[in-house]
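Visitor: okay, predicted coordinates and the sequence, questions at the end:
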Amino acid sequence: MAKALFELNPALDRTALAAEFARARRLQIRDVLTQGTARELRMILEKHTPWGMAMQAGADAKGCGFSARELQERGKAQEAMALAKATDAAAARGDYAFRSLRYSMVEAVQQGWDEGGVFEVILEHLNAEPFLDLMRQITGMPDLQRADAHASCYAAQHFLGRHNDSHVAEGWRIAYVLNLTVEDWHPDWGGYLLFYDEDGDIETGLRPRFNSLNIFAVPQDHAVSYVPPFAPKGRYTINGWLRDR
């Protein structure tokens, strides 16, 4: 594996980070990677990612993914457009919905989309001991065994409705979001990771700060706020779940 492609910041105060995570069960780790690593990853997401789409319209519906190749097909493109409209309708009635660009690293490896390519290397780093050990130390969960991952871009009119990631039976323990968007992301551009209390009030809102890693124990009610049409950039991330099996 190319170390420079995913190099952790050696100056992280792991003891202090672990104490903060133990208190709140969620945490934003700033400057988690070296600056060179973070900029390289952002360049990959911006310029070298064959983006597909991921959408779901309703809590009882099934999430659907469309690869970049499928979106070139007329029938699939029309299907995606119809589903995008359905996500708006679901959100308008208060049902769960989401819409974003996505490239699944796990699916890419399983289906051989780009054997030996850069995303396969990134997934290897996320499952290597340096990153997993950092996560075990900070979360106090020594049984974390592996990470899955996908690249995401929340561009204009994309969002992720409130939900809680209640897949504990599948081994999900920690959700993570590695923020790789522009350094000067403006609050008016949305894309915040929001956490809610039982009354639906926002307890915490985290700006998608460049080179920061958001982690939180699941389940917790959370969402990604709507990115408005005037946002000039996309909210780029690598995200997924850390599992104990």
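Guide: Right, received. Where do you want to start?

Visitor: ok now the worst-scoring helix or strand of the chain on mean pLDDT, how far from the chain's centre?
Guide: Counting by mean pLDDT, DSSP states H and E, the weakest-scoring helix or strand in the chain turns out to be helix 105-111, with a mean of 93. Chain-centre distance of helix 105-111: 16 Å, with CA atoms, centre = their mean, to the nearest Å.

Visitor: mind listing what's buried along it?
Guide: In terms of neighbour count (16 or more other CB atoms under 10 Å), helix 105-111 has its buried residues at 105, 108, 109. Quick note: C-beta positions are derived from backbone N, CA and C, even for glycine.

Visitor: now render the residues you listed as JSON lines, adding distance to residue 230.
Guide: JSON lines is the format used below for the buried residues of helix 105-111 (distance: CB to CB, whole Å):
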{"residue": "105", "distance to residue 230": "30"}
{"residue": "108", "distance to residue 230": "32"}
{"residue": "109", "distance to residue 230": "37"}
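
Visitor: which other helices and strands does the longest helix along the chain contact?
Guide: Ranked by number of residues, the top helix in the chain under DSSP state H is helix 74-92. Packing contacts for helix 74-92, counted by 3 or more CB pairs under 8 Å, 6 or more residues apart in numbering; DSSP states H and E, involve strand 52-57, strand 64-66, strand 97-104, strand 159-163.

Visitor: want to try JSON lines for these, with mean neighbour count, distance to residue 116 and mean pLDDT as columns?
Guide: Output for those, formatted as JSON lines (neighbours: other CB atoms under 10 Å; distance: least, CB to CB, whole Å; pLDDT from 0 to 100):
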{"stretch": "strand 52-57", "mean neighbour count": "22", "distance to residue 116": "20", "mean pLDDT": "98"}
{"stretch": "strand 64-66", "mean neighbour count": "16", "distance to residue 116": "23", "mean pLDDT": "96"}
{"stretch": "strand 97-104", "mean neighbour count": "23", "distance to residue 116": "16", "mean pLDDT": "98"}
{"stretch": "strand 159-163", "mean neighbour count": "18", "distance to residue 116": "31", "mean pLDDT": "97"}
